[in-house]
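K.L.:
The sequence and its predicted three-dimensional model are supplied below.
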Amino acid sequence: MLLDELNNTYGIDNQLTFSKEKHMIIANIESEYASAKLSLYGAQVLSFTPKEERNLIFLSKEAFYQNGKAIRGGIPICWPWFGAHPENKDLPSHGFARLSNWEVIQTSSSKGEIQIKLQLKNSKATEVLWPYKFETQVSLTIGKSLKIKLTTVNKDDKAFTITGALHSYLNISDSEKVKVEGLENIQYRDDVLHVKSLQKESLLSIKGQVDRQYFDTSKTCIVHDPDYKRKIQIDKEGSQITVIWNPGDELAAKMTDLGNKEYQNMLCVEAANNMNDAITIKPNESHSLATQISMILD
């Protein structure tokens, strides 16, 4: 759909407009409580800023904006697989959803909140990468909090299994000063040290590179950020895996789409389906993965 058609069909006066930036069409959202930007490329949230506050979402100054490249930061949608493809390492990491152009199918405004729904369906291009018929929707609600729900419907005549994540990059003051609440007494797989362990600390500190998948947990996480005098609360549904990731100095220096020392201003706290939480969906059935990101002032 062309830009004028999008604005005429789905725009909402003074609340939701569509614009062209680089290769992407952007939904610019202004609710009663917050503003946000959403890229139709990848159905990816790029910002969420409560009124009179700092952005809650990190976006790299060096992010790539071109077809076939993932955008570093925001909330990428990892789907229909998480990480490297389990069988073919030549396929795109974290799947193809974040590299696809999504279609707007609905917008609305109610009680100070703005909602936008996007859709991705199977095509000849997706079937080369993943040989199934599907219908996937992203529902985004901008209000006092940011709510994202990713729903996958199996339109095939056979079951399929998916993994994935809502890969939330949070905007923080300093990765070595923040602490994460909500992971105490939960087992995790450490993909840096290649071990499994149980977190005993009540609050997780971020020291160097961190890449952990906590499993069998649906708990709320809270990121305590004393320098920004706020907490970021991350709730989730349809997920038993929580991913905590920060590349640290050494890995970040090798990443061409992450600016100098920018890793210090980001922390990923992700609602995921992976490992023992891979999701098998039967024909005509569905699964939803959701997260809600909210700010709490200290």
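P.N.:
Yep, that arrived.
K.L.:
how far does stretch 209-218 stretch from start to finish?
P.N.:
24 Å (C-alpha to C-alpha, to the nearest Å).
K.L.:
any chance you could map the strands in the stretch 1-150 of the chain?
P.N.:
For the stretch 1-150 of the chain, applying DSSP state E, counting those that start in this stretch gives strands covering 16-21, 24-30, 34-39, 44-50, 77-78, 103-110, 113-121, 134-142, 146-154.
K.L.:
Redo those strands as CSV? Include mean pLDDT, mean neighbour count and distance to residue 207.
P.N.:
Any C-beta I mention is one placed from the backbone N, CA and C, and that applies to glycine too. As requested, those are exported to CSV (pLDDT from 0 to 100; neighbours: other C-beta atoms under 10 Å; distance: least, C-beta to C-beta, whole Å):
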stretch, mean pLDDT, mean neighbour count, distance to residue 207
strand 16-21, 97, 17, 36
strand 24-30, 97, 20, 35
strand 34-39, 98, 23, 32
strand 44-50, 98, 23, 27
strand 77-78, 98, 26, 25
strand 103-110, 98, 15, 42
strand 113-121, 98, 20, 37
strand 134-142, 98, 22, 33
strand 146-154, 98, 21, 28
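K.L.:
Excluding chain neighbours, give the residue nearest to residue 138 in space.
P.N.:
residue 43 (4.3 Å; C-beta to C-beta, 6 or more residues apart in numbering).
K.L.:
count of neighbours near the nearest residue to residue 156 once chain neighbours are set aside?
P.N.:
Distance criterion C-beta to C-beta, 6+ apart; nearest residue to residue 156, sequence neighbours excluded, is residue 133 at 4.3 Å. With neighbours defined by other C-beta atoms under 10 Å, the count for residue 133 comes to 17.
K.L.:
Next, the contact list for residue 133, please.
P.N.:
122, 154-156 (C-beta atoms under 8 Å, 6 or more residues apart in numbering).
K.L.:
before we move on, back to that, right, and the strands of the stretch 1-150 of the chain - which one's nearest residue 285?
P.N.:
Of all the strands of the stretch 1-150 of the chain, strand 146-154 sits nearest to residue 285, with 5.8 Å by C-beta to C-beta.
K.L.:
quick one: contacts of the closest one?
P.N.:
By C-beta under 8 Å, 6+ apart, the list of residues contacting strand 146-154 reads 34, 36, 45, 48, 56-57, 75, 77, 79-80, 132-141, 160, 162, 164, 166, 237, 279, 281-294.
K.L.:
That one pairs with which strands, and in what direction?
P.N.:
Note on strand 146-154: by DSSP bridges, its sheet partners are strand 134-142 (antiparallel), strand 286-297 (antiparallel).
K.L.:
Just the C-alpha atoms of the longest one, please, in PDB.
P.N.:
So the one you mean is strand 286-297. Below are the C-alpha coordinates for strand 286-297, written out as PDB (Å, rounded to 0.1, in the frame of the first residue of the first chain):
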ATOM      1  CA  SER A 286      -2.600 -20.500  17.200                       C
ATOM      2  CA  HIS A 287      -0.100 -19.400  19.800                       C
ATOM      3  CA  SER A 288       0.500 -15.900  21.200                       C
ATOM      4  CA  LEU A 289       3.700 -14.500  22.700                       C
ATOM      5  CA  ALA A 290       3.300 -11.100  24.400                       C
ATOM      6  CA  THR A 291       5.200  -8.600  26.400                       C
ATOM      7  CA  GLN A 292       4.400  -5.400  28.200                       C
ATOM      8  CA  ILE A 293       7.000  -2.700  29.100                       C
ATOM      9  CA  SER A 294       6.200  -0.100  31.700                       C
ATOM     10  CA  MET A 295       8.000   2.700  33.500                       C
ATOM     11  CA  ILE A 296       8.000   3.100  37.300                       C
ATOM     12  CA  LEU A 297       9.500   6.300  38.600                       C
END
